[in-house]
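Novice: here's a sequence, model it:
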Amino acid sequence: MQAANTTKSVISWALFRRVVSFAAPYKRAFYLSILFAVLMSVMAPVRPYLIQATIDKAMGKLNVLPMWLMNWIPAEWLADAAQFILMLTVFQFLFIGMETAVRFGFSFLTAWLGQHVVNDMRIAVYQKIIHLNLRQFDTTPIGTLTTRSINDIESIQEIFSDGLIPIIADILVIIVTLVTMFWIDWRLTLIALIPFPLMLLATYYFKESVNRSFTSVRNAVSQLNAFVQEHLTGMQIVQVFAAEGREHKKFEKINADHRDANIRAIFAYSVFFPIVEVVLAVSMGLMVWWVANQALQAQGAPAIDFSGKLVAFILYMNQLFRPLRVIADKFNVLQMGMIAAERVFKVLDNEDFLNNSGSFTPQKVKGAISFEQVCFGYTADKQVLNDISFQVQPGETVALVGHTGSGKSSIISLLNRLYEINSGSVTVDGIDIKEYSIPALRNQMGIVLQDVFLFSGSILDNITLRDPNISREQVVAAAKLIGVHEFIMRLPGNYDYDVMERGHTLSLGQRQIISFIRALLYDPAILILDEATSSIDTESELLIQHAIEKLIAGRTSIVIAHRLSTIRKASKIIVLDAGRIVEMGNHEHLISQGGHYAKLYEMQLQAEEY
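Specialist: Purely as a prediction, here's the structure:
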């Protein structure tokens, strides 16, 4: 059923028009490439015809060219066979030069057009991806989106360089060649085309077989990308749990599917191309038989007429079958490009993104935060937050505590509008966050995540996020302010130290320190520390505690931490359990209540003693 749907979508004219619409900014190149295709088709039968004329002239035939063309040639050239043949030979060399220039222009223009379309489409896809709701990344493998952005778009490029326009050119060559053959000798042409239906039948079955195989190849490539991306990212887990053998077997299965799909395509090619050669050989054999038979019946007199014609027809048949050999392959390129286009357009048509209709863009907010009866779930059938209500005053430090999965990080995600709430309201300074422009809202917040993500590049690049408006001096000043300048200077290359992909050359604590500088540089009104002091060494924790004191001064701060001893100074502690607020108050008040917080605190004290 899936394959049938895929084939149906491939021949959709609406999809085809949409792909071609990406070439609209380059319509001059598009139309010029079509013009070159027409020129190539018109020029295709010229050289075989000139070769026929040369042979006929050498055999003693008088009128080897149409009368309207012979009237343009000087009479002395027509009378002298050697001079006439020399003239035709020189013209053929000139014509080959012209034909080569046209073919070069066609090949270059189609490739140029394809690359520009790919460039524009890839930008459009990336622009769409970075604005998608984070829920999409929770449910879609990263490798799949990578395939859409790279492999599938590259297949769309082949629609222009190896698919649509080359198919038009090949069809025009076939039509012009057939018309020329019928014009020269319709009977010989019909004899030559006797095995042609077999060729068309073979081409159809080849196209269908390769299309199914290539569809399987595309699906296997997507699965391979997703699998490799996921396992390279999680290689540490694979090795820690000694799962290399199991994961290797899974990879072998996916890789075998990819291999088998390619082998099925190779089998189709291996059957089709010999069939083409056999059909061509049968056609030539039939032509030779018919010409020889005609010459024998005419007592040799018309042999002069048939000698050049036979050579020309052999060239015409090669010219006719050459595009037929590849047109089915090119049609499959077109089909695979359309399949890829359908997948890419699914990304472009994805409307699951946050509606940035807010227009409020304050220079600075005071930092008052309010959650009123907020309910939220990552999926429609499972709520992770239920009836959450609390207020944070400007400059106040509030701590969120609770077991893993209680909803702490979800609250932070909603405050940043990374996800939309299901019901209730979230306000900043009394204004619903939906009224804010999303960039303006997020610019008011500085976030230090539990798992700090660093990009490949220097420490300076990761702190500034390559913002040219932030100078090196500002970065150094911020690092000194929170007491981490000396730590950075001890690294090889200090601020120019290359942290490599995801910052794996730094410890967790060191990555968090860099994120503190990043947060301070943007001078946020609201500071969010998401489990920033968990699982780090003592030295890094001391640096981070000093940095926190500098950062939270004068700012509204929301802190999430497993170590309850780090949040004793918080103005308010909100205790969460299973997506609900079960307690709220300061440290002393909650300890005196003897509830959830007191139990968590006592458990951690006992754990630290052991």
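
Novice: only C-alpha atoms for contact and neighbour calcs from this point on.
Specialist: OK.

Novice: I'd like the next helix or strand past the strand or helix carrying A312.
Specialist: Secondary structure assignment for A312, by DSSP states H and E: helix 303-348. Remark: after helix 303-348, the chain's next helix or strand is strand 369-376, criterion DSSP H and E.

Novice: mind listing what's buried in the very next helix or strand once past that following strand?
Specialist: Once strand 369-376 ends, the next helix or strand along the chain (criterion: DSSP H and E) is strand 385-392. The neighbour-count check on strand 385-392 (16 or more other C-alpha atoms under 10 Å) flags L385, N386, I388, S389, Q391, V392 as buried.

Novice: how near is the residue nearest to the first one when sequence neighbours are not counted to H258?
Specialist: This points to L385. Excluding its sequence neighbours, the residue lying closest to L385 (C-alpha to C-alpha, 6 or more residues apart in numbering) is G579, at 4.2 Å. Separation of G579 from H258 (C-alpha to C-alpha, to the nearest Å): 44 Å.

Novice: can you pull up the most central residue in the chain?
Specialist: Ranked by distance to the mean C-alpha position of the chain (C-alpha atoms, centre = their mean), the top residue is S149 at 0.9 Å.

Novice: between the longest helix along the chain and helix 303-348, how big is the angle?
Specialist: Longest helix of the chain, by residue count under DSSP state H: helix 244-297. Interaxial angle of helix 244-297 relative to helix 303-348 (axes from the mean of the first three to the mean of the last three C-alpha atoms, to 10 degrees): 160 degrees.

Novice: quick one: average pLDDT of helix 244-297?
Specialist: What helix 244-297 shows for mean pLDDT is 85.

Novice: how far off centre is it?
Specialist: Centroid separation between helix 244-297 and its chain, computed with C-alpha atoms, centre = their mean, to the nearest Å, is 31 Å.

Novice: now stretch 425-440: mean pLDDT?
Specialist: So the average pLDDT for stretch 425-440 ends up being 91.

Novice: can we start the residue count at 54 from this point?
Specialist: I'll keep to 54 as the first residue from here, and by that count the last item is stretch 478-493.

Novice: buried ones in that stretch, by neighbour count?
Specialist: For stretch 478-493, using 16+ other C-alpha under 10 Å, the buried residues are S478, V479, T480, V481, I486, K487, E488, Y489, S490, I491, A493.

Novice: and the third one, which of the three is it?
Specialist: With DSSP: H, G, I helix; E, B strand; the rest coil as the basis, the three-state label of T480 is strand.

Novice: show me the domain layout of the protein.
Specialist: Here the domain assignment for the chain is 76-401, 422-662, based on automatic domain parsing.

Novice: start to end distance for the first one?
Specialist: Counting by C-alpha to C-alpha, the length from the leading to the trailing residue of domain 76-401 is 17 Å.

Novice: tell me how far that domain is from the chain's mean position?
Specialist: In terms of C-alpha atoms, centre = their mean, the centre of domain 76-401 is found 25 Å from the chain centre.

Novice: okay, and the closest residue to Q210 other than its chain neighbours sits in which element?
Specialist: Once flanking residues are discounted, Q210 sits nearest to G167: 4.5 Å by C-alpha to C-alpha, 6+ apart. Counting by DSSP H and E, the element that carries G167 is helix 134-182.

Novice: show me what that helix is packed against.
Specialist: Helix 134-182 sits against helix 80-96, helix 99-111, helix 128-132, helix 206-211, helix 356-401, with contacts defined as 3 or more C-alpha pairs under 8 Å, 6 or more residues apart in numbering; DSSP states H and E.

Novice: which of those helices is buried the deepest?
Specialist: Most buried of the helices and strands packed on helix 134-182 by mean neighbour count (mean count of other C-alpha atoms under 10 Å) is helix 206-211; its value is a mean of 24.

Novice: could you report the distance from the residue nearest to R525 when sequence neighbours are not counted to V331?
Specialist: Among residues not flanking R525 along the chain, L513 sits closest, at 7.5 Å (C-alpha to C-alpha, 6+ apart). Distance, L513 to V331, using C-alpha to C-alpha: 67 Å.

Novice: more crowded one of those two?
Specialist: Comparing L513 with V331 by other C-alpha atoms under 10 Å, the one with more neighbours is L513, at 21 against 13.
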